[in-house]
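Participant: Structure here, sequence nowhere to be found:
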C-alpha cells in the first residue's frame, strides 16, 4: 500500500525541518506532504529553502482544514493510505510500518495509542480523555484507550470521505461517527515525545472546553447523523 504522511503545520519553523528529516531517515519508503496552514512565521520559507514537499495554504484553516487539504491531495493522487503526523516532533515514524500492516489486514482507521499496553497517568487531561473514551464506548460499543491521539492512519475509503464529504474532521467525535457507520478501527501501541519547540495551542482551559465539546458531540450530536455509505 502506498502511504502519504500528512504533516499539518502552523508556526512550526523551529520543528518542521527536523521532523521531516527524521521521517525521511526512518521511513524513506513513504511519501510526505507538509501542509502549511497559513503560518505567520517562516514555516513555508524553511520548507522551500530545504526542498520539502509543501502544500502552502494562503490562509489559516485550522487543523481540520489542513488535514482535509492533505486528504484531498492523497485522494486525487491515488494513495491507498494516509496518516496524520504532527509537525512538532511528538509522533515517532518508527511506528508507521506497524500501523500500515493493520490497514493491510482490513482495518479502516488505525490509531497510534499511548495506552494499549500502558495505563493512563492521573491528570485532568487524562480524565477528560477517559470521559471521551467512555462516550465512544457508550455510543459505539468500541473501546479506545487514547481517543484524542492525533496519530491516525486511514484507508483509501476513509480518505475518500475526508476529501469529499462535509463535516468529516480528524476529531474523536468523527471517529465515533465513522465507527457507527461501519469503519473497522484498531489501536496500536506507540510512544510519543515532547514537542521539540514552541507551545501547544491547547491551554488548560481550552483542553477542558475541547473535552466537553467532544463528549457532547459524541453522545448527543453524532447519534443523530445519517449513516454514510463507506464503500468506494
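Facilitator: Noted; the coordinates are in hand. The structure presented is a predicted model; accordingly, all values stated were derived computationally and were not measured. Numbering: from 1, shown residues only.

Participant: Could you check how far the residue of the chain most remote from its centre is from residue 16?
Facilitator: Using CA atoms, centre = their mean, the residue of the chain lying farthest from its centre is residue 49. It sits 26.5 Å away. Residue 49 is 11 Å from residue 16, where distance means CB to CB, to the nearest Å. The C-beta positions use only the backbone N, C-alpha and C, and glycine is treated the same way.

Participant: Residue 111 now?
Facilitator: Counting by CB to CB - residue 111 and residue 16 are separated by 24 Å.

Participant: what's the answer for residue 86, then?
Facilitator: For residue 86, the distance to residue 16 - CB to CB - is 10 Å.

Participant: Assign the residue nearest to residue 115 when sequence neighbours are not counted to helix, strand or coil.
Facilitator: Closest residue in space to residue 115, ignoring its immediate chain neighbours: residue 145 at 3.9 Å, by CB to CB, 6 or more residues apart in numbering. Three-state call for residue 145 (DSSP: H, G, I helix; E, B strand; the rest coil): coil.

Participant: ditto for residue 222
Facilitator: Classified using three-state DSSP, residue 222 is helix.

Participant: For residue 86 and residue 16, indicate the residue with more neighbours.
Facilitator: residue 16 (27 against 19; other CB atoms under 10 Å).

Participant: Relative to the whole chain's centre, how far out is the longest helix seen in the chain?
Facilitator: Of all segments of type helix in the chain, defined using DSSP state H, the longest is helix 124-140. Relative to the mean C-alpha coordinate of its chain, helix 124-140 is positioned 18 Å out (CA atoms, centre = their mean, to the nearest Å).

Participant: relative orientation of the lowest-mean-pLDDT helix or strand in the chain and helix 124-140 in degrees?
Facilitator: Using mean pLDDT, DSSP states H and E, the weakest-scoring helix or strand in the chain turns out to be helix 204-216, at a mean of 82. Using axes from the mean of the first three to the mean of the last three CA atoms, to 10 degrees, one finds that helix 204-216 and helix 124-140 are set 10 degrees apart in direction.

Participant: Give me the buried positions along helix 204-216.
Facilitator: 207, 210, 211, 214, 215 (16 or more other CB atoms under 10 Å).

Participant: which strands and helices sit next to that helix?
Facilitator: helix 124-140 (3 or more CB pairs under 8 Å, 6 or more residues apart in numbering; DSSP states H and E).

Participant: just the helices in this protein please.
Facilitator: Under DSSP H, the chain gives helices at 16-26, 43-49, 62-76, 96-104, 124-140, 156-164, 172-180, 204-216.

Participant: Quickly compare the ones you listed and say which is most buried.
Facilitator: Highest mean neighbour count of these: helix 172-180, a mean of 24 (counted as mean count of other CB atoms under 10 Å).
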